[in-house]
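K.L.:
Structure here, sequence nowhere to be found:
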(Lines give C-alpha, C1' and ligand atoms only; values in the text may rest on other atoms or scores of the structure.)
Protein backbone atom coordinates (compact mmCIF):
# COMPACT_ATOMS: atom_id res chain seq x y z
CA UNK A 1 0.00 0.00 0.00
CA UNK A 2 1.43 3.36 -1.02
CA UNK A 3 1.55 6.22 1.44
CA UNK A 4 -0.50 9.30 0.65
CA UNK A 5 1.06 12.66 0.05
CA UNK A 6 -0.07 14.74 3.02
CA UNK A 7 -0.05 18.52 2.75
CA UNK A 8 -0.40 20.67 5.85
CA UNK A 9 -1.86 24.16 5.81
CA UNK A 10 -1.33 25.40 9.35
CA UNK A 11 -2.18 28.81 10.76
CA UNK A 12 0.36 28.65 13.61
CA UNK A 13 -1.15 31.72 15.32
CA UNK A 14 -4.23 29.63 16.21
CA UNK A 15 -2.27 26.88 17.99
CA UNK A 16 -1.15 26.84 21.62
CA UNK A 17 2.41 28.17 21.84
CA UNK A 18 3.91 24.89 23.04
CA UNK A 19 3.28 22.91 19.84
CA UNK A 20 6.33 21.47 18.09
CA UNK A 21 5.03 21.55 14.51
CA UNK A 22 7.57 19.14 13.03
CA UNK A 23 6.66 16.50 15.64
CA UNK A 24 2.96 17.28 15.20
CA UNK A 25 3.16 16.77 11.41
CA UNK A 26 5.23 13.58 11.82
CA UNK A 27 2.66 12.08 14.22
CA UNK A 28 -0.27 13.24 12.07
CA UNK A 29 1.33 11.51 9.07
CA UNK A 30 1.97 8.35 11.10
CA UNK A 31 -1.59 8.06 12.37
CA UNK A 32 -3.12 8.94 9.00
CA UNK A 33 -1.19 6.12 7.36
CA UNK A 34 -2.13 3.74 10.22
CA UNK A 35 -5.85 4.50 9.79
CA UNK A 36 -5.72 4.09 6.01
CA UNK A 37 -3.78 0.84 6.35
CA UNK A 38 -6.09 -0.46 9.09
CA UNK A 39 -9.18 0.33 7.04
CA UNK A 40 -7.64 -0.94 3.76
CA UNK A 41 -8.07 2.41 2.03
CA UNK A 42 -5.90 4.25 -0.46
CA UNK A 43 -5.99 8.01 -0.78
CA UNK A 44 -3.32 9.58 -2.95
CA UNK A 45 -3.37 13.12 -1.55
CA UNK A 46 -4.68 14.46 1.75
CA UNK A 47 -4.74 18.20 2.37
CA UNK A 48 -5.05 19.02 6.08
CA UNK A 49 -6.09 22.62 6.64
CA UNK A 50 -5.97 23.84 10.24
CA UNK A 51 -8.18 26.91 10.30
CA UNK A 52 -10.27 29.20 12.50
CA UNK A 53 -13.89 28.86 13.63
CA UNK A 54 -14.95 31.59 11.21
CA UNK A 55 -13.31 29.78 8.27
CA UNK A 56 -14.87 26.41 9.09
CA UNK A 57 -18.27 28.03 9.75
CA UNK A 58 -18.16 29.58 6.27
CA UNK A 59 -17.29 26.22 4.66
CA UNK A 60 -19.93 24.43 6.75
CA UNK A 61 -22.55 26.93 5.61
CA UNK A 62 -21.50 27.08 1.97
CA UNK A 63 -21.04 23.38 1.30
CA UNK A 64 -23.21 21.63 3.91
CA UNK A 65 -25.89 24.21 4.70
CA UNK A 66 -25.04 24.34 8.44
CA UNK A 67 -24.59 27.75 10.05
CA UNK A 68 -22.31 26.79 12.93
CA UNK A 69 -18.72 25.90 13.78
CA UNK A 70 -17.61 22.30 13.91
CA UNK A 71 -14.30 20.65 14.67
CA UNK A 72 -13.86 18.94 11.30
CA UNK A 73 -15.21 18.78 7.77
CA UNK A 74 -13.94 16.29 5.21
CA UNK A 75 -14.21 16.15 1.44
CA UNK A 76 -13.11 13.23 -0.72
CA UNK A 77 -12.75 13.42 -4.48
CA UNK A 78 -12.32 10.21 -6.47
CA UNK A 79 -11.65 10.14 -10.18
CA UNK A 80 -10.37 7.31 -12.40
CA UNK A 81 -8.23 5.50 -9.84
CA UNK A 82 -7.00 8.69 -8.16
CA UNK A 83 -8.23 9.98 -4.83
CA UNK A 84 -7.66 13.36 -3.23
CA UNK A 85 -9.19 14.78 -0.08
CA UNK A 86 -9.45 17.87 2.06
CA UNK A 87 -9.69 17.78 5.83
CA UNK A 88 -10.66 21.10 7.41
CA UNK A 89 -10.01 21.33 11.16
CA UNK A 90 -10.98 24.27 13.36
CA UNK A 91 -8.14 24.70 15.85
CA UNK A 92 -10.34 26.93 18.02
CA UNK A 93 -13.03 24.24 18.31
CA UNK A 94 -10.38 21.60 19.06
CA UNK A 95 -9.08 23.80 21.89
CA UNK A 96 -12.60 24.18 23.35
CA UNK A 97 -13.25 20.45 23.02
CA UNK A 98 -9.96 19.58 24.73
CA UNK A 99 -11.11 21.60 27.73
CA UNK A 100 -14.65 20.21 27.60
CA UNK A 101 -13.50 16.57 27.43
CA UNK A 102 -10.48 17.10 29.71
CA UNK A 103 -7.93 16.00 27.09
CA UNK A 104 -4.69 17.69 26.18
CA UNK A 105 -4.92 19.83 23.06
CA UNK A 106 -2.55 17.48 21.24
CA UNK A 107 -4.60 14.33 21.98
CA UNK A 108 -7.80 16.09 20.93
CA UNK A 109 -6.11 17.27 17.71
CA UNK A 110 -4.98 13.73 16.89
CA UNK A 111 -8.46 12.38 17.70
CA UNK A 112 -9.98 14.86 15.24
CA UNK A 113 -7.43 13.92 12.57
CA UNK A 114 -8.26 10.23 13.09
CA UNK A 115 -11.98 11.07 12.98
CA UNK A 116 -11.52 12.91 9.68
CA UNK A 117 -9.53 10.09 8.10
CA UNK A 118 -12.20 7.62 9.22
CA UNK A 119 -14.77 9.79 7.44
CA UNK A 120 -12.62 9.57 4.32
CA UNK A 121 -12.69 5.78 4.76
CA UNK A 122 -16.50 5.81 4.67
CA UNK A 123 -17.40 6.00 8.36
CA UNK A 124 -20.31 8.25 9.25
CA UNK A 125 -21.53 9.63 12.56
CA UNK A 126 -25.04 10.97 12.09
CA UNK A 127 -26.72 8.38 14.31
CA UNK A 128 -25.99 7.26 17.86
CA UNK A 129 -24.84 3.79 16.78
CA UNK A 130 -22.58 5.21 14.05
CA UNK A 131 -21.11 7.71 16.53
CA UNK A 132 -20.30 4.85 18.89
CA UNK A 133 -18.69 2.83 16.10
CA UNK A 134 -16.48 5.72 14.96
CA UNK A 135 -15.54 6.52 18.59
CA UNK A 136 -14.37 2.93 19.12
CA UNK A 137 -12.21 3.19 15.99
CA UNK A 138 -10.81 6.55 17.16
CA UNK A 139 -9.74 4.97 20.45
CA UNK A 140 -8.07 2.05 18.67
CA UNK A 141 -5.95 4.41 16.59
CA UNK A 142 -5.27 6.80 19.48
CA UNK A 143 -3.85 3.81 21.35
CA UNK A 144 -1.40 3.30 18.47
CA UNK A 145 -0.16 6.83 19.08
CA UNK A 146 0.01 6.23 22.83
CA UNK A 147 2.03 3.07 22.17
CA UNK A 148 4.40 5.33 20.24
CA UNK A 149 4.76 7.45 23.38
CA UNK A 150 2.35 10.29 22.56
CA UNK A 151 0.36 11.57 25.56
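P.N.:
Arrived safely, thanks for sending. Remember, predicted model here, so these are calculated numbers, not experimental data.
K.L.:
all contacts plus neighbour counts: C-alpha atoms, from now on.
P.N.:
Fine.
K.L.:
From the contact counts, what lies against the helix or strand where residue 143 lies?
P.N.:
If you go by DSSP states H and E, residue 143 is part of helix 128-147. Other elements packing on helix 128-147 under the criterion 3 or more Cα pairs under 8 Å, 6 or more residues apart in numbering; DSSP states H and E are helix 21-38, helix 105-120.
K.L.:
possible to save those as JSON lines with mean pLDDT and mean neighbour count?
P.N.:
Rendered in JSON lines, the data for the helices and strands packed on helix 128-147 read as follows (pLDDT from 0 to 100; neighbours: other Cα atoms under 10 Å):
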{"stretch": "helix 21-38", "mean pLDDT": "95", "mean neighbour count": "16"}
{"stretch": "helix 105-120", "mean pLDDT": "97", "mean neighbour count": "22"}
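K.L.:
can those go into JSON lines with extra columns for distance to residue 9?
P.N.:
As requested, the helices and strands packed on helix 128-147 are exported to JSON lines (distance: least, Cα to Cα, whole Å):
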{"stretch": "helix 21-38", "distance to residue 9": "11"}
{"stretch": "helix 105-120", "distance to residue 9": "13"}
